[in-house]
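K.L.:
Have a look; sequence and predicted model below, questions after that.
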Amino acid sequence: MKVAIITGASAGLGLEYLKAAPKYFPDVDEFWLIARRREKLEEAAKAVNKQCRIFPLDLTQTDSYKRLEEELNATHPEVTLLVNNSGCGFLGNVGEGELERQLQMIDLNLRGLTAVTHVVLPFMPRGGRIINVSSIASFCPNARMTVYSAGKSYVTAFSYGIGEELRARGITATAVCPGPMDTDFIYLGEIKGRSKTFDVMPYCDPASVVIGSYKAALAGRASYTPKAFYKLYRVLAKLLPTKLVMKMSKT
Ligand SMILES: NC(=O)c1ccc[n+]([C@@H]2O[C@H](COP(=O)([O-])OP(=O)(O)OC[C@H]3O[C@@H](n4cnc5c(N)ncnc54)[C@H](OP(=O)(O)O)[C@@H]3O)[C@@H](O)[C@H]2O)c1
């Protein structure tokens, strides 16, 4: 049985990954959908004409990776697509506000993504595709979202690293680096209306980001950045002094 696993499939970009998946991965027999809210996942499952298995898991919790691993060991599927999309980002300086929020970003965006990848990889066949949702925040440290942007740098670097490790197995990893999107993320993170940069930067359309990332993944590309504006930002962030880029991109 060929399976696609999508984390954060209950809303936003993850829901778009689910909706578009049957077109780009027609061989998938079953979708495994992971997020905390069961009812949202059940609703999301109606978006595709395929069998869906619901996993209401909190990916900040170690038990959740164990639960996924148990299901993989019991079912022995071929996981041909893994989309590591679950993520959160809170605006605010380190040392201010709740510590819990800073740790939640680390536990979900870094630890959760690493753990899911680790338990899924033994079940991935040659030709398997991994998509790791990173961000333009990975290009340069963003003050006021320091933990988030440092974490997304990890996601991009992790994606490149496993891509190299998996080359001999014929599995590819693609780091997807979108700019702002009008999803729950910017409201839950209390970003909307509180960040000058977020208010003026061009927004990315989640459905278009998904199409671009599926095409990039199928082409075996190591990264995908939507929009010419953010492709240019990526190049500038590599060429210019970090301090200068940080001034330009301050959240
Ligand atoms: N929106 C932006 O401006 C933007 C820009 C660049 C990159 N990104 C990245 O895009 C990805 C998707 O975000 P989005 O914009 O679609 O935001 P979103 O609408 O808030 O979706 C986040 C998804 O992650 C899931 N999630 C949150 N906490 C979780 C947890 N503890 N365990 C398991 N799943 C959890 C949520 O489902 P439940 O609440 O049901 O758990 C939801 O499905 C994230 O990795 C984010 O960092 C977003």
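P.N.:
That came through, no problem. Residues are numbered from 1 along each chain as shown.
K.L.:
Quickly note the distance from the residue in the stretch 51-200 of the chain that the ligand sits nearest to to Gln104.
P.N.:
Taking Cβ to the nearest ligand atom, the ligand has its nearest neighbour within the stretch 51-200 of the chain at Gly87, 2.2 Å off. Every C-beta, even on glycine, is put in place using the N, C-alpha and C of the backbone. Gly87 sits 10 Å away from Gln104 when distances are taken as Cβ to Cβ, to the nearest Å.
K.L.:
okay, those two: which has more neighbours?
P.N.:
In this comparison of Gly87 against Gln104, neighbours counted by other Cβ atoms under 10 Å, the higher total goes to Gly87 at 25 against 16.
K.L.:
how near is Tyr214 to Pro202?
P.N.:
22 Å.
K.L.:
Those two: which has the busier surroundings?
P.N.:
The neighbour count for Tyr214 versus Pro202, taken as other Cβ under 10 Å, is higher for Tyr214 (23 against 11).
K.L.:
residues of the longest helix along the chain that come out buried?
P.N.:
Among all segments of the chain classified by DSSP state H, the helix with the greatest residue count is helix 146-165. Judged by neighbour count (16 or more other Cβ atoms under 10 Å), helix 146-165 contains these buried residues: 146-156, 158-160, 162-163.
K.L.:
just curious, which of those is nearest to Gly97?
P.N.:
Within the set of those, Val147 lies nearest Gly97; the separation is 11.2 Å, counting by Cβ to Cβ.
K.L.:
contacting residues around that closest one?
P.N.:
With contact set as Cβ atoms under 8 Å, 6 or more residues apart in numbering, Val147 has these partners: Val94, Gln102, Met105, Ile106.
K.L.:
OK, contacts around the residue of the stretch 51-200 of the chain closest to the ligand?
P.N.:
Contacts of Gly87 were listed using Cβ under 8 Å, 6+ apart, and they are Gly8, Leu108, Asn109, Val133, Phe185.
K.L.:
give me that answer again for 6 Å
P.N.:
Listed by Cβ atoms under 6 Å, 6 or more residues apart in numbering, the contact partners of Gly87 are Asn109.
K.L.:
how near is it to Asn132?
P.N.:
According to Cβ to Cβ, Gly87 stands 10 Å off from Asn132.
K.L.:
now swap in Val245 and tell me
P.N.:
In this structure, Val245 and Asn132 are separated by 22 Å, where distance is defined by Cβ to Cβ.
K.L.:
ok, now Asp184?
P.N.:
When distance is defined by Cβ to Cβ, Asp184 is 20 Å away from Asn132.
K.L.:
Show me the shaky parts of the stretch 1-150 of the chain.
P.N.:
By pLDDT under 70, the stretch 1-150 of the chain contains no weakly predicted segment.
K.L.:
which stretch of helix or strand covers Ala4?
P.N.:
In this assignment (DSSP states H and E), Ala4 forms part of strand 2-7.
K.L.:
which element follows that strand toward the C-terminus?
P.N.:
In the C-terminal direction from strand 2-7 (assignment by DSSP H and E), the next one is helix 12-24.
K.L.:
ok and the following helix or strand past that following helix relative to strand 2-7, angle-wise?
P.N.:
Beyond helix 12-24 in the direction of the C-terminus, DSSP H and E gives the next helix or strand as strand 30-35. Direction vectors for strand 30-35 and strand 2-7, defined by axes from the mean of the first three to the mean of the last three Cα atoms, to 10 degrees, enclose an angle of 10 degrees.
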